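Student: Here you go, sequence then predicted model.
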Amino acid sequence: MESQYFVRKASGLVREFGATDLVLIASAMVFGLVFTVMQFPWFYGLSSGADLAPTLLIGGIPFVFLMLVYWVIGVVMPRSGSDYVWVGRVFHPSIGFAWSFLYMFAVFTTAYVGGLSGFSYMLSIGVIIWGLLFNNPGLTSLGNYLSSPMGTFYVAMGFTVLFAVLAIVGARIIKGLLYVSWGAAIVGIALMWYLLGTTNPAAFAAKWNSVLVGYPTYQAMQNGAVTAGWTPPTGGLVAVIGALPLASLFLFGGNYGGNVIAGEVKDVRKTVPLALFLSLFLGIFYWSVSGYLTLNAVGSNWFHAIAYLWENNPTAYSNLVPFPPSEPLLLSVIAYPSTILLALIYVTYFLGSVQILFVYFWVPSRYFFAWSFDRLIPTKFADVNKRLHTPHVAIAAMTVLSIISLLLYTFTSWPSAFTLGTFLWGVAYVVPALATIVFPYTKKDLLEQAPEFMRKKIVGIPVVSILGALCAVSFAYMGYILFTNPLVGMVVGSPTLSGVEIAIGILVGCFVVYYASYAYHKAHGLDIGMAFKELPPV
């Protein structure tokens, strides 16, 4: 009777991604050049002096629990939208639908829409720097336009349409994009580390003053932050603990790409854990090194100061300089006057960031597919192109959602939406972790598919349940820290259209959609609730 509950007897998707492919996908979602554009000023502007490297090392502990939880999810229920399938089958379909939509939306708006905004900033800074170097007001004006809301929106929308086409074409072009873009990213990372590692604050200050003629000097920038209320940070363990949820943003994502497309991955029992833990460990290493080199190159106090000013008093910051304190700007100042190095910075940033943005656009379409396959939303979203083996209707839905989100994100408050998205992203993991706690007791028939060491018991409690509890407590606590951070709580709690109202509206709307769908199908003789007693077909 399987075909009665599900759209068809087979998903229509093909397992085309192997271990290397999934490692590239998962790691792309954790670290990459595009995320360096604005994450450092965001972190240091809100962290009150925390050092990124030790914060990441401590913050990596909850992520070990998270990766273990998603290891179980990926191998026990290797389907499209696997964590949605997990929560919906362990708890209730309405909870699975509401949770997964809010989670998908938080990740999508934070990583994809926010990443595109950072990408646009990167392009604008490149054009501005070239305008300053060659005394070309036209290039400077174009760069300022690209960093404006309208310019950012047009750039982001253009890439969204391009990504939609690539996603529909299928696995072969996606793999090619991954490998080529990662090659460029490796070159870009090596160049970034070289430039940062071969300069110091005094040399950077001299370069800043000579490149940005007509703007405040290096010291005047820090003085402006002091006038706006910044004081040198004290740091220490208290600052590190307070910054844990902020540091989490640097490590989010590996579990997302590694599991949501699990229905298209070969040999999940080996591939999924490899991708999960490699993405985590490489992410900690990459961000720790990059953060350390950045502060050593430009000056720790100086960067803390301008990051504070940019994040907490954007008007005062924009009165000093019209562009954000992005990593490409810092690298451009260091590379001056070498046109070769300047060109390499922007070519590698551009090519080395495309795969990351694409993956964050592409992966969420699998949630639309999974919801449709369970008949929670119209079954048309589960259509798969027979030749390309891609869910083209679900991808089209992501394109529409992208454009709507870009409009809201670009023309409302960037810090509010970004910080709230980070908060929701982290606390969302509490739900699948709670499902992992009760899983051995409600899905005993599937427990045998979990890794052997997780099936063992400690004082009568399955290890998998203990891991779920540790994960749930860890991320609930980090959510509490973030919300009570005096610098962040104000931003998270701000009543903006792109904030709390949308989150509440999504939850309420999803429950309404589920029960409306249930009633509709029930009236036509089909109990879709029965589908959640079994796994969707492969």
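Tutor: Perfect, I can see it now.
Student: Wait, residue 307 touches residue 45, no?
Tutor: Yes: applying Cβ atoms under 8 Å, one finds residue 307 in contact with residue 45, separated by 3.7 Å. The way it works is simple: take the backbone N, C-alpha and C, and place the C-beta from them, glycine included.
Student: So for these two, which residue has more residues nearby?
Tutor: residue 45 (27 against 24; other Cβ atoms under 10 Å).
Student: Please name the nearest non-neighbouring residue to the more buried one.
Tutor: Once flanking residues are discounted, residue 45 sits nearest to residue 311: 3.0 Å by Cβ to Cβ, 6 or more residues apart in numbering.
Student: Got phi/psi on that neighbour?
Tutor: phi -80, psi -40 (degrees, to the nearest 10).
Student: So what's the residue count around residue 145?
Tutor: 14.
Student: Contact partners for the closest residue to it other than its chain neighbours?
Tutor: The spatial neighbour of residue 145 that comes closest, neighbours along the chain excluded (Cβ to Cβ, 6+ apart), is residue 151 at 4.5 Å. By Cβ atoms under 8 Å, 6 or more residues apart in numbering, the residues touching residue 151 are 120, 124, 145.
Student: Over to residue 479?
Tutor: Residues near residue 479 by Cβ under 8 Å, 6+ apart: 245, 423, 426, 427, 430.
Student: There's contact between the last one and residue 472 in this structure, I believe.
Tutor: Yes: assessed by Cβ under 8 Å, residue 430 is found in contact with residue 472 at 4.9 Å.
Student: from the contacts of residue 479, which ones fall inside helices?
Tutor: The helices, defined by DSSP state H, take in 245, 423, 426, 427, 430 from those.
Student: Among those residues, which one has the most neighbours?
Tutor: The most crowded member of these, judged by other Cβ under 10 Å, is residue 245 (28 neighbours).
Student: what's the neighbour count on the nearest residue to that one once chain neighbours are set aside?
Tutor: Counting by Cβ to Cβ, 6+ apart, the nearest residue to residue 245 once its immediate chain neighbours are dropped is residue 482, at 3.7 Å. Using other Cβ under 10 Å as the criterion, residue 482 is surrounded by 26 other residues.
Student: State the helix or strand in which residue 482 lies.
Tutor: Using DSSP states H and E, residue 482 falls within helix 463-484.
Student: Kindly export that helix (C-alpha atoms) in PDB.
Tutor: Coordinates of each C-alpha in helix 463-484 appear next as PDB, following Å, rounded to 0.1, in the frame of the first residue of the first chain:
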ATOM      1  CA  VAL A 463      24.400   5.700  24.100                       C
ATOM      2  CA  VAL A 464      22.400   7.300  21.200                       C
ATOM      3  CA  SER A 465      20.000   8.700  23.700                       C
ATOM      4  CA  ILE A 466      22.800  10.100  25.900                       C
ATOM      5  CA  LEU A 467      24.300  11.800  22.800                       C
ATOM      6  CA  GLY A 468      21.000  13.300  22.000                       C
ATOM      7  CA  ALA A 469      20.600  14.700  25.500                       C
ATOM      8  CA  LEU A 470      24.100  16.200  25.400                       C
ATOM      9  CA  CYS A 471      23.400  17.800  22.100                       C
ATOM     10  CA  ALA A 472      20.000  19.200  23.100                       C
ATOM     11  CA  VAL A 473      21.400  20.700  26.400                       C
ATOM     12  CA  SER A 474      24.500  22.200  24.600                       C
ATOM     13  CA  PHE A 475      22.600  24.000  21.900                       C
ATOM     14  CA  ALA A 476      19.800  25.100  24.200                       C
ATOM     15  CA  TYR A 477      22.400  26.600  26.500                       C
ATOM     16  CA  MET A 478      24.200  28.400  23.600                       C
ATOM     17  CA  GLY A 479      20.800  29.800  22.500                       C
ATOM     18  CA  TYR A 480      20.300  31.100  26.000                       C
ATOM     19  CA  ILE A 481      23.800  32.700  26.000                       C
ATOM     20  CA  LEU A 482      23.100  34.400  22.700                       C
ATOM     21  CA  PHE A 483      19.800  35.700  23.700                       C
ATOM     22  CA  THR A 484      21.100  37.200  27.000                       C
END
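Student: Now that helix: buried residues?
Tutor: 463-472, 474-475, 477-479, 481-482 (16 or more other Cβ atoms under 10 Å).
Student: what mean pLDDT would you report for the helix or strand residue 409 falls within?
Tutor: Using DSSP H and E, residue 409 sits within helix 392-411. Confidence over helix 392-411, taken as the mean pLDDT, stands at 87.
Student: buried stuff in it?
Tutor: 392-399, 401-402, 405-410.
Student: Stretch 293-313 now?
Tutor: Neighbour count says stretch 293-313 has 293-295, 297-313 buried, by 16+ other Cβ under 10 Å.
Student: what do you get for stretch 237-251?
Tutor: Neighbour counts over stretch 237-251 (16+ other Cβ under 10 Å) mark 239-251 as buried.
Student: Find the residue closest to residue 474 in space, skipping its chain neighbours.
Tutor: Using Cβ to Cβ, 6+ apart, the closest residue to residue 474 is residue 62 (3.4 Å).
Student: now the ones in helices among the contacts of residue 479 in a markdown table, with distance to residue 325?
Tutor: Listed next are the ones in helices among the contacts of residue 479 as a markdown table, based on distance: Cβ to Cβ, whole Å:
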| residue | distance to residue 325 |
| --- | --- |
| 245 | 22 |
| 423 | 23 |
| 426 | 25 |
| 427 | 29 |
| 430 | 33 |
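Student: how about these in CSV, adding pLDDT?
Tutor: Supplementary listing: those in CSV, determined by pLDDT from 0 to 100:
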residue, pLDDT
245, 83
423, 77
426, 86
427, 90
430, 96
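Student: Identify, from the residues you listed, the entry nearest to residue 450.
Tutor: Sorting the ones in helices among the contacts of residue 479 by distance to residue 450 puts residue 430 at the head of the list, at 20.2 Å, by Cβ to Cβ.
Student: what are the ranges of the strands in the protein?
Tutor: 457-458, 461-462 (DSSP state E).
Student: need these in JSON lines with mean pLDDT and mean neighbour count, can you?
Tutor: Converted to JSON lines, these look like this (pLDDT from 0 to 100; neighbours: other Cβ atoms under 10 Å):
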{"stretch": "strand 457-458", "mean pLDDT": "94", "mean neighbour count": "10"}
{"stretch": "strand 461-462", "mean pLDDT": "95", "mean neighbour count": "16"}
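Student: And those: which comes nearest residue 159?
Tutor: strand 461-462 (44.8 Å).
Student: Partner strands of that closest one and their direction?
Tutor: Sheet neighbours of strand 461-462, with direction, are listed as strand 457-458 (antiparallel) (DSSP bridges).
Student: what ranges do the helices span in the stretch 301-450 of the chain?
Tutor: If DSSP state H, counting those that start in this stretch is used as the criterion, the helices of the stretch 301-450 of the chain fall at 314-320, 327-335, 339-362, 365-373, 392-411, 414-427, 430-442, 444-447.
Student: Comparing these, which comes out most buried?
Tutor: helix 365-373 (a mean of 27; mean count of other Cβ atoms under 10 Å).
Student: Since that was my last question, I'll sign off now.
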